[in-house]
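S.K.: Please work out how this folds:
(one chain, ligands or ions: 1)
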Amino acid sequence: MGGSRLSELVGLSRSLGLPERDLAVLGEGNTSARLDDGTFLVKASGTSLAAANDASFVKMDLGRTISILDLEGPTDDELGAALLAARSGSAGDLRPSIEAVMHALCLTEGEAVFVGHTHPTSVNSVLCSDRARALSQGAIFPDQIVVLGRYPLHVPYADVGLPLAHALREGLREHKRRVGAAPKTIYLQNHGLVALGKSSDGVDQVTTMAAKHARIMAGVLAAGEPVYLTEEQADRLDTRSDEEYRRRVLQGRR
Ligand SMILES: [Zn+2]
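M.R.: Coordinates of the predicted model:
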């Protein structure tokens, strides 16, 4: 029952929690993975990414978690009770992260199998500024497109919990209408990063590149204005990475 997904999720969480990566401290950040039976695993409240183990995750019902979005202005207690009721099976006294609904959205409408949400110092240095959208307005170097995707999603600031989940759902739907596909990279204004992947490695790579991209962007904004690649240049890279991806799929290297 999702045994290998669980061990992959533990590995991803510990990797994202490594102190030297400066992506999350204390109880910051959370991770999740979709299982094949309409459930998902999400980091329990009060656990740390760095010290994650098999017992750090709560199994939740995807449908029941998504339906929490239908509650009309729940109190904090009602929201807490709804999250507990959306657990699947015998969850003991583990409580899911308040950001569980955001994860459920990424695993359904976001089409991800693994999700990693962190608060990287590098990314938040830009996301907490009035230039936050510089991260998602265009591409400044080729590997940004290849790893982070051509069109990252920027979500305006909203309170953690249901307001953020509603803002994310709206953003995801608008993005898919406009771009025709789910994003791999989501920036939450004044909050942090969400990396979406079909594999745990994919999530780790998006997080690594987003942190590097943000460090470069901070330097760019200190030096002057970003020079974005043109649509034609970005189109060529986008196509090339698709071809490369298909080639690796065909060769069984992905
Ligand atoms: Zn967060």
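
S.K.: I figured G192 was touching S122, is that so?
M.R.: No: look at G192 against S122 with CB atoms under 8 Å: they stay out of range, at 10.9 Å. The way it works is simple: take the backbone N, C-alpha and C, and place the C-beta from them, glycine included.

S.K.: And the helix ranked longest in the chain, what does it pack against?
M.R.: Ranked by number of residues, the top helix in the chain under DSSP state H is helix 200-223. On a contact count with 3 or more CB pairs under 8 Å, 6 or more residues apart in numbering; DSSP states H and E, helix 200-223 meets helix 3-16, strand 114-118, helix 121-127, helix 142-148, strand 192-197.

S.K.: average pLDDT across it?
M.R.: Helix 200-223 comes out with an average pLDDT of 97.

S.K.: can you list contacts of it?
M.R.: For helix 200-223, contacts defined as CB atoms under 8 Å, 6 or more residues apart in numbering pick out 8-9, 11-12, 15-16, 21-23, 31, 33, 112, 114-116, 118, 120, 122-123, 125-127, 129, 131, 134-135, 140-141, 143-144, 147-148, 184-185, 193, 195-197, 226.

S.K.: Buried residues, that helix. List them.
M.R.: Neighbour counts over helix 200-223 (16 or more other CB atoms under 10 Å) mark 200, 202-215, 217-218, 220 as buried.

S.K.: Next: stretch 53-70.
M.R.: 56-62, 64-66, 68.

S.K.: before we move on, what about stretch 176-195?
M.R.: Applying 16+ other CB under 10 Å to stretch 176-195 flags 176, 182-189, 191-195 as buried.

S.K.: Next: stretch 120-134.
M.R.: Going by neighbour count (16+ other CB under 10 Å), the buried part of stretch 120-134 is 120, 122-124, 126-127, 131-132, 134.

S.K.: Look at it and report the distance between its end residues.
M.R.: This stretch, stretch 120-134, spans 16 Å end to end (CA to CA, to the nearest Å).

S.K.: next one: stretch 116-135
M.R.: 18 Å.

S.K.: now it: how far from the chain's centre is it?
M.R.: 13 Å (CA atoms, centre = their mean, to the nearest Å).

S.K.: thinking again about what came up before, report the angle between the axes of the longest helix of the chain and strand 192-197?
M.R.: Relative orientation of helix 200-223 versus strand 192-197 (axes from the mean of the first three to the mean of the last three CA atoms, to 10 degrees): 140 degrees.

S.K.: who's in contact with the spatially most central residue of the chain?
M.R.: Centroid check for the chain by CA atoms, centre = their mean gives V194 as the closest residue, at 2.3 Å. Listed by CB under 8 Å, 6+ apart, the contact set of V194 reads 102, 106, 115-117, 185-188.

S.K.: which strand residues sit across from it in the sheet?
M.R.: Applying DSSP bridges to V194 gives these bridge partners: H117, I186.

S.K.: and it, how far is that from Q233?
M.R.: According to CB to CB, to the nearest Å, V194 and Q233 sit 27 Å apart.
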